[in-house]
Structure formats: C-alpha cells, structure tokens
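**Q** Sharing a model prediction with you, sequence too.
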Amino acid sequence: MPERTPYIAANWKMHKTVAEAAEFVDALLPRIAATQHDVVLCPPYLALAEVVERSRGSAVRVAAQNMHEAESGAFTGEVSAPMLLEIGVEAVVLGHSERRQYFGETDEALARKAPAALAAGLEPILCVGESEEARDAGQTEGVLERQLQADLAAIEPAELARIVVAYEPIWAIGTGRTATPEQAQEAIAFIRDVLRGRGGEADAVRILYGGSVKPANAAELMAKPDIDGALVGGASLDPEDFAAIVEAA
Ligand code: PGA
C-alpha cells in the first residue's frame with residue numbers, strides 16, 4: 001500500500017485581512033519548521049498572494065477556497081485557475097458545504113470544476129458530507145456516493161490519485177460536535193471504496209476529515225487507518241492551535 005503523507009489544511013473561510021494573514025504565517029512557520037507533512041493554508045482570495053510570498057521556502061502550500069471552471073469570461077465576481085496559478089496558488093477547495101448551501105454550488109458545476117482544476121495543475125480538495133437529517137435517516141453512504149459519482153464524473157481513473165477528498169459531515173462543521181473517530185473512519189473507508197469502484201488508485205488518495213477538529217481531538221481522528229489528515233476551520237485561525245493539529249498528524 002502506498003505511504004500517504006499526512007495532509008493538514010486550514011480553511012479560513014471569510015476570516016483574516018491581508019495584515020492578519022501575514023501575522024499568522026509569521027507565527028506559524030517557526031512552529032512547524034520540522035514538519036514532514038503537507039500543510040496547506042486556504043485564505044480568502046485577497047490574502048492569497050501575501051501568504052504565498054511569506055511562506056516561500058517552507059512546508060506551507062496555498063489553496064484558494066473556490067474557483068470558476070472557465071479560464072476567463074463574462075463571469076462577474078469569479079476567479080479562474082490561471083489567475084490562481086499566476087500568483088503561486090497550488091490547490092483549490094471545491095464543493096465546501098457552505099458553498100453548496102449558501103451560494104448554490106451544484107454537483108454539475110463541480111463536475112466541471114474538478115477536471116478544470118486538474119487540467120490547470122491545481123490540486124482539488126473536494127469536500128463531501130451528509131446533513132444531520134441524512135445521517136439520521138441512514139442515508140450517509142447514499143449521499144456520499146451520489147456526491148462523489150457526480151462531482152468526479154469527468155475525472156479519468158488514472159487522475160483520481162491527484163485529488164484530495166475531505167469528508168465533512170455538515171452537522172459537525174462549526175458546531176463543536178466532532179464526528180467520533182469511528183464515524184469518520186467508517187465514512188472515509190466508504191469514500192475510499194467508492195474511489196476504488198471508479199477504478200482509481202484509491203490507496204494513494206489522501207482523504208481528510210473536517211468538522212470541529214481541535215488540538216484535543218486531532219490525534220485520535222488521524223490515528224484511524226483511513227483518515228489521512230484534516231480540513232480545519234475554526235481552530236485553524238490560531239497559529240498555535242493549527243500548529244498543534246499539524247503536529248498531531
Ligand atoms: P470547523 O470547519 O473546523 O470550524 O468545524 C471545518 C470546515 O468547514 O472546513
């Protein structure tokens with residue numbers, strides 16, 4: 001089985017000005033100087049360039065929180081892959097539940113965005129996850145399977161290993177109600193099975209857990225065999241907490 005390098009990503013959402021982002025990077029870098037893990041910061045668009053510049057020569061790579069699938073065009077308010085690449089961004093979060101819920105992100109659009117990101121040379125971090133109602137109704141696997149099949153529909157099996165998947169149960173995001181390590185492991189093992197079923201080299205794909213990850217629960221989550229890292233929201237805003245989570249992987 002291929003060794004999967006742990007992958008820890010900070011999803012800042014709509015937090016931090018450019019000055020605050022700079023301050024964070026300066027505080028984080030000395031704390032993670034020895035890490036061998038993949039460390040990815042996802043700031044708001046305006047802070048991307050600053051974070052890229054300030055983290056040069058470190059383990060940190062930078063991701064956007066969304067992108068449009070076209071290279072350019074009449075799409076007011078949108079940002080494209082070439083624009084991100086030009087400033088040194090290397091990855092992009094796609095399909096976060098907040099974008100699905102508040103901004104009308106659809107599986108159809110994600111099915112175009114994921115291959116567009118790969119074709120441009122950006123690493124997609126594709127988010128999937130069930131609502132509380134779906135979990136209570138025993139539909140967790142059905143929801144995950146539907147999202148994965150739809151969002152990855154245009155990805156060739158040989159390309160699947162270049163994608164990072166984040167399992168983020170909606171009921172655990174920003175609620176303080178973390179999934180138990182067993183719940184997260186079960187869902188993530190299922191996601192790996194779906195990727196295997198699509199003909200991908202599923203054992204090479206990094207699959208992260210996201211939803212109220214904190215320094216206190218990170219180690220037990222990431223100790224599970226299929227959980228390769230974390231997508232961290234709230235606790236990623238503090239450099240000390242985020243560094244502790246990187247260390248826990
Ligand atoms: P949270 O957010 O860690 O604040 O729950 C996770 C996410 O939305 O990626």
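**A** Happy to help now that I have it. It should be emphasised that the depicted structure is a prediction, and the values quoted were computed from it without experimental measurement.
**Q** quick check, distance from the helix or strand encompassing residue 247 to the centre of its chain.
**A** Element membership of residue 247 [criterion: DSSP states H and E] is helix 239-248. Centroid displacement of helix 239-248 relative to its chain, using Cα atoms, centre = their mean, to the nearest Å, is 16 Å.
**Q** Over to stretch 11-25?
**A** For stretch 11-25 - counting by Cα atoms, centre = their mean - the centre lies 17 Å from the chain centre.
**Q** What is the end-to-end distance of it?
**A** End-to-end span of stretch 11-25 (Cα to Cα, to the nearest Å): 14 Å.
**Q** Please work out which residue of this protein is closest to the ligand.
**A** residue 233 (2.2 Å; Cβ to the nearest ligand atom). (C-beta placed from N, C-alpha, C; glycine too.)
**Q** coming back round to it: determine if any part of the helix holding residue 247 is in contact with the ligand.
**A** No: using Cβ under 6 Å from any ligand atom, we find that helix 239-248 stays clear of the ligand, coming within 9.8 Å at best.
**Q** Convert the longest helix belonging to the chain to PDB, retaining C-alpha atoms only.
**A** Longest helix in the chain, counting residues (DSSP state H): helix 181-197. Once non-C-alpha atoms are left out, helix 181-197 reads as follows in PDB (Å, rounded to 0.1, in the frame of the first residue of the first chain):
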ATOM      1  CA  PRO A 181     -13.100   8.700  15.200                       C
ATOM      2  CA  GLU A 182     -15.200   5.600  14.400                       C
ATOM      3  CA  GLN A 183     -17.900   7.500  12.500                       C
ATOM      4  CA  ALA A 184     -15.200   9.400  10.500                       C
ATOM      5  CA  GLN A 185     -13.200   6.200   9.800                       C
ATOM      6  CA  GLU A 186     -16.300   4.400   8.600                       C
ATOM      7  CA  ALA A 187     -17.400   7.200   6.200                       C
ATOM      8  CA  ILE A 188     -13.800   7.700   4.900                       C
ATOM      9  CA  ALA A 189     -13.300   4.000   4.300                       C
ATOM     10  CA  PHE A 190     -16.600   4.000   2.300                       C
ATOM     11  CA  ILE A 191     -15.300   7.000   0.300                       C
ATOM     12  CA  ARG A 192     -12.100   5.100  -0.500                       C
ATOM     13  CA  ASP A 193     -14.300   2.100  -1.600                       C
ATOM     14  CA  VAL A 194     -16.200   4.400  -4.000                       C
ATOM     15  CA  LEU A 195     -13.000   5.700  -5.500                       C
ATOM     16  CA  ARG A 196     -11.800   2.200  -5.900                       C
ATOM     17  CA  GLY A 197     -15.000   1.300  -7.600                       C
END
